[in-house]
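> here is my input, please return the structure:
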Amino acid sequence: MILIMLRLTQYARGGGCACKIPPGELEDVLAGMGATAPEDPLGELVVGLETGDDAAVVRIEGGTAVVSTADFFTPVVDDPFDWGRIAAANALSDVYAMGGRPLMALNLLCWPRDTLPYDLAREVLRGGADVAALAGCHVAGGHSVVDAEPKYGMAVTGLADPGRLMRNDGGRPGLPLSLTKPLGLGVLNNRHKATGEVFPQAVATMTRLNADASEAAVRAGVRCATDVTGFGLLGHLFKLARASNVTAVLDRTAVPLLEGAREAVRDGFVPGGSRRNLGWVAGHLTSEADEETMLLLADAQTSGGLLIAGELPGVPVIGELVPRGEHTVVVR
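From the prediction side, this is the model:
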């Protein structure tokens, strides 16, 4: 009964990837920061801090690329098992965004032991293990701390072919832009937190792995991709276009939306993170869209889809990359 009655989202100030440090503030923190070069390293750092890509990549002896990432956040839904599934799918997504396959994951758990029973924590971990098993990824321990807010996620290690990596700086003029999942997760999750309404379409989207899309993109020769999470479609598109030194032209009418997403915006369930995303990119874009549409395009997603500079069967094309112009992103 406890597992049903307690609402996990009420124990956190934010929710999911909407609780990330705002992108502009994070870039200020990281500005000019570089890692000290290690002595006698075992591999070559191929992807690091330079463009804010989805994961770090090191090439080791034998030509294998090791992909490493970590992601965790506060509850985005009240069901503990679903939260675990969503958090795991989100963490694994960074490896898929680079064109890799997850190999092993470590749990990251922060738990308010005085206010939430460990039975809930067990369900969260079980959900994470369930999704990792679907991904063919080992889960081997992890780390836990007592915290005022519940948080869960994973540190994930994957493998990739270094010659077939997908990076956010690999875009070129003339490439179409495709998006593998609909938008609206942030506003629907915020409505769920405020009202308790459950949105099965959002849970199904967040728990769906990006594995098939990643594998299809690698087979198709795609070399530029990123996943759409806390910085919203506009934020991640801006980062991709900036890193690739191109302009991204977005067709707002082609962007898929989850059922109920527009209504959630109209009813005022817009996360603060989504508004901050829009504020961050506003000076770098030109748009013909209304505010409602722009908020959806900037909506902070949790375990969103892959944004691919290329075309895949059955995946909507939402725009294209063109030579660099006055603005980094153009919304039409």
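
> sec struct for the closest residue to Arg275 other than its chain neighbours, please.
Among residues not flanking Arg275 along the chain, Leu295 sits closest, at 7.2 Å (Cβ to Cβ, 6 or more residues apart in numbering). The way it works is simple: take the backbone N, C-alpha and C, and place the C-beta from them, glycine included. Recorded secondary structure, Leu295: helix (DSSP: H, G, I helix; E, B strand; the rest coil).

> list the contacts of Leu295.
Contacts for Leu295 were tallied using Cβ atoms under 8 Å, 6 or more residues apart in numbering; they are 187, 265, 270, 274-275, 278.

> could you export those as a markdown table, including pLDDT, neighbour count and distance to Ala70?
Formatted as a markdown table, the contacts of Leu295 follow (pLDDT from 0 to 100; neighbours: other Cβ atoms under 10 Å; distance: Cβ to Cβ, whole Å):
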| residue | pLDDT | neighbour count | distance to Ala70 |
| --- | --- | --- | --- |
| Val187 | 97 | 31 | 26 |
| Val265 | 98 | 24 | 31 |
| Val270 | 96 | 23 | 28 |
| Ser274 | 95 | 28 | 23 |
| Arg275 | 95 | 15 | 26 |
| Leu278 | 96 | 21 | 27 |
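
> where along the stretch 201-332 of the chain do the strands fall?
Under the criterion DSSP state E, counting those that start in this stretch, the stretch 201-332 of the chain carries strands at the ranges 225-227, 246-250, 285-287, 306-309, 317-323, 329-331.

> nearest to Pro176, out of the ones you listed?
Judged by Cβ to Cβ, the one of those that comes nearest to Pro176 is strand 317-323, at 4.8 Å.

> partner strands of that closest one and their direction?
Using DSSP bridges, the strands paired with strand 317-323 are strand 176-179 (antiparallel), strand 246-250 (antiparallel).

> what about the stretch 1-150 of the chain, any weak spots by pLDDT?
Applying pLDDT under 70 to the stretch 1-150 of the chain flags the ranges 1-5, 15-20, 32-35.

> beyond the helix or strand harbouring Arg122, next helix or strand please.
Arg122 belongs to helix 118-134 when elements are defined using DSSP states H and E. As assigned by DSSP H and E, the chain's next helix or strand after helix 118-134 is strand 138-146.

> show me how the chain divides into domains.
Listed domain ranges for the chain are 2-164, 176-331 (source: automatic domain parsing).

> quick one: which of the ones you listed is nearest Gly170?
domain 176-331 (3.5 Å).

> run the chain-centre distance for that closest one.
Its chain's C-alpha centre and that of domain 176-331 lie 10 Å apart, by Cα atoms, centre = their mean, to the nearest Å.

> gap between the two ends of that domain?
End-to-end span of domain 176-331 (Cα to Cα, to the nearest Å): 14 Å.

> got the angle for the helix holding Arg122 vs strand 138-146?
Counting by axes from the mean of the first three to the mean of the last three Cα atoms, to 10 degrees, helix 118-134 lies at 150 degrees to strand 138-146.

> for helix 118-134, name the packing helices and strands.
Applying 3 or more Cβ pairs under 8 Å, 6 or more residues apart in numbering; DSSP states H and E, one finds that helix 118-134 makes contact with helix 2-5, helix 80-97, strand 101-111, strand 138-146, strand 151-160.

> give me whichever of the ones you listed is most buried.
helix 80-97 (a mean of 28; mean count of other Cβ atoms under 10 Å).
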